[in-house]
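1. What follows is a predicted structure for the sequence shown.
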Amino acid sequence: MVNSTDFPFFILSAYVDLGRLKYFCFTAVLLLYIVIVAANVFLIVLICIKRSLHEPMYVFLCSLLVNELYGSAGLFPFLLQQILSDTHTVSTSACFLQIYCLYTYVQIEFCTLAVMSYDRYLAICCPLHYNTRMTTKKVAPLFIMVVWLYSLSVLIILVLSVKLLFCGNVMNTLYCNNYYVVRLACSDTTVNNVYGIFVTILSIIVPLVLILFSYIRILRICLVGSRETRQKAVSTCSPHLTSLINFSFGCCFEVFQSRFDVSSVPASLRIFLSLYFLMCQPLFNPVMYGFRMSKIRAICKDLLCLN
């Protein structure tokens with residue numbers, strides 16, 4: 001047995017030899033990354049400079065978009081380098097850094113979506129008390145701070161993984177994943193597995209319970225409310241629900257793929273789906289919210305002189 005520090009790098013074996021096609025893939029991924037950065041930065045700047053968008057709902061959206069940039073920075077530069085590389089290795093320290101970035105990205109994404117669902121619950125179910133319970137200057141920034149600090153629980157995962165004794169350094173994945181790192185261990189991983197389940201509950205189950213509670217209450221109001229109430233609920237909740245379903249689908253497939261045998265699924269489809277929630281969500285959110293939220297859509301039309 002050897003300590004993890006004796007391995008200077010990990011080998012990512014999921015990459016295949018693309019030949020000259022790698023330059024096409026590199027260009028496509030680079031263009032996607034540029035579009036993602038441009039779309040998210042545009043909406044962040046728009047929300048910051050337009051006073052009409054200084055409301056809790058848009059403050060939470062801004063936090064969500066910042067997280068998209070954060071998660072993209074943890075994947076795309078690494079992916080671009082690996083596409084051009086012939087060795088497909090990553091240093092041990094860089095691998096753990098990527099694990100931290102991607103895991104905190106997922107946790108912040110789910111928690112922010114949970115806070116956004118609670119905000120919509122207050123706006124639709126308690127409209128008379130909304131401005132006192134959810135203020136832009138105090139409550140909204142506090143929620144955002146809690147969400148980002150909440151993600152620090154991932155640090156313990158890294159500390160536990162670094163201390164493991166490894167028998168190998170080959171991972172069948174496109175990017176660093178803590179589950180694959182733990183599978184390389186020769187030493188006891190009980191603590192890692194138990195804490196991993198605990199973090200999964202904190203990261204996914206708890207936010208989803210809050211989201212479910214919020215939407216059950218919203219649905220009840222819609223069933224007994226006026227047509228105007230139902231229209232308001234649909235217009236404000238549909239981007240959020242679509243984003244949640246899209247992200248949850250990608251995360252669930254990645255968890256399922258890493259823990260079960262999916263060799264019957266074509267390799268190209270497995271590669272696409274393993275990257276889906278990391279590559280598509282950062283582009284999906286600014287496009288979805290930009291098109292579906294009337295205030296943002298109206299401001300964009302004004303900026304483009306389409307009125």
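-> Ah, there it is.
2. show me what contacts the residue nearest the centre of the chain?
-> Central residue of the chain (Cα atoms, centre = their mean): Val106, 4.0 Å from the mean position. Listed by Cβ atoms under 8 Å, 6 or more residues apart in numbering, the contact set of Val106 reads 71, 203, 251, 277. All C-beta atoms are positioned from the backbone trio N, CA, C, and that covers glycine.
3. Spit out the contact partners of the closest residue in space to the last one that isn't next to it in sequence.
-> Using Cβ to Cβ, 6 or more residues apart in numbering and skipping the chain neighbours, the partner closest in space to Phe277 is Gly250 (2.5 Å). Residues in contact with Gly250, defined by Cβ under 8 Å, 6+ apart, are 273, 276-278, 280-281.
4. what sits up against stretch 140-150?
-> Taking Cβ under 8 Å, 6+ apart as the criterion, the residues outside stretch 140-150 that touch it are 56, 59-60, 63, 107-108, 111-112, 115, 134, 202.
5. Ramachandran angles for Cys170?
-> If you look again at residue 170, you'll see it is Val, not Cys. For Val170, the backbone dihedrals (degrees, to the nearest 10) come out as phi -110, psi 120.
6. With the one 5 residues further on instead?
-> With angles defined as degrees, to the nearest 10, Tyr175 sits at phi -150, psi 170.
7. just the buried members of the contacts of Gly250?
-> Those of these that meet the buried threshold are 273, 276-278, 280-281, by 16 or more other Cβ atoms under 10 Å.
8. Inside helices: which ones of the residues you listed?
-> 273, 276-278, 281 (DSSP state H).
9. Out of those residues, which is nearest to Leu155?
-> Taking Cβ to Cβ as the measure, Leu155 sits nearest to Leu278 out of those, at 20.5 Å.
10. Run a quick check on the closest one versus Leu75, I expect a contact.
-> Yes: using Cβ atoms under 8 Å, Leu278 makes contact with Leu75 at a distance of 5.0 Å.
11. Quickly list what's touching both of those two.
-> The contact sets of Leu278 and Leu75 overlap at 102, 175 (Cβ under 8 Å, 6+ apart).
12. Can you report phi and psi for Asn18?
-> Not Asn; residue 18 is Leu. In terms of degrees, to the nearest 10, the main-chain angles of Leu18 are phi -100, psi -10.
13. Neighbours of it, how many?
-> Counted with other Cβ atoms under 10 Å, residues neighbouring Leu18 total 13.
14. Which secondary structure element is home to the residue lying closest to it once chain neighbours are set aside?
-> Sequence neighbours aside, Cys25 is the residue nearest to Leu18 in space, at 6.1 Å (criterion: Cβ to Cβ, 6+ apart). In the assignment (DSSP states H and E), Cys25 maps to helix 21-49.
15. same check, this time on Val90
-> Counting by DSSP H and E, the element that carries Val90 is strand 89-91.
16. Tell me which strands that strand pairs with, and in which orientation.
-> Each strand paired with strand 89-91, and its direction, by DSSP bridges: strand 9-12 (antiparallel).
17. Which SSE is immediately downstream of the strand holding Val90?
-> helix 92-125.
18. mean confidence for that next one?
-> Averaging the model's pLDDT scores along helix 92-125 yields 92.
19. got the buried residues for that helix?
-> Within helix 92-125, the residues that qualify as buried are 92, 95-125, counting by 16+ other Cβ under 10 Å.
20. likewise stretch 153-172?
-> So, applying 16+ other Cβ under 10 Å, buried residues of stretch 153-172: 153-154, 157-158, 160-161, 164, 166, 169, 171.
21. can you give me the helices in the chain?
-> Ranges of helices in the chain, per DSSP H, are 21-49, 56-84, 92-125, 130-133, 139-150, 154-162, 178-183, 190-200, 206-224, 227-259, 267-279, 281-292, 294-303.
22. what residues does the fourth one touch?
-> Identification of contacts with helix 130-133 by Cβ under 8 Å, 6+ apart yields 122-123, 126, 139.
23. pLDDT of it, averaged?
-> In the prediction, helix 130-133 has an average pLDDT of 85.
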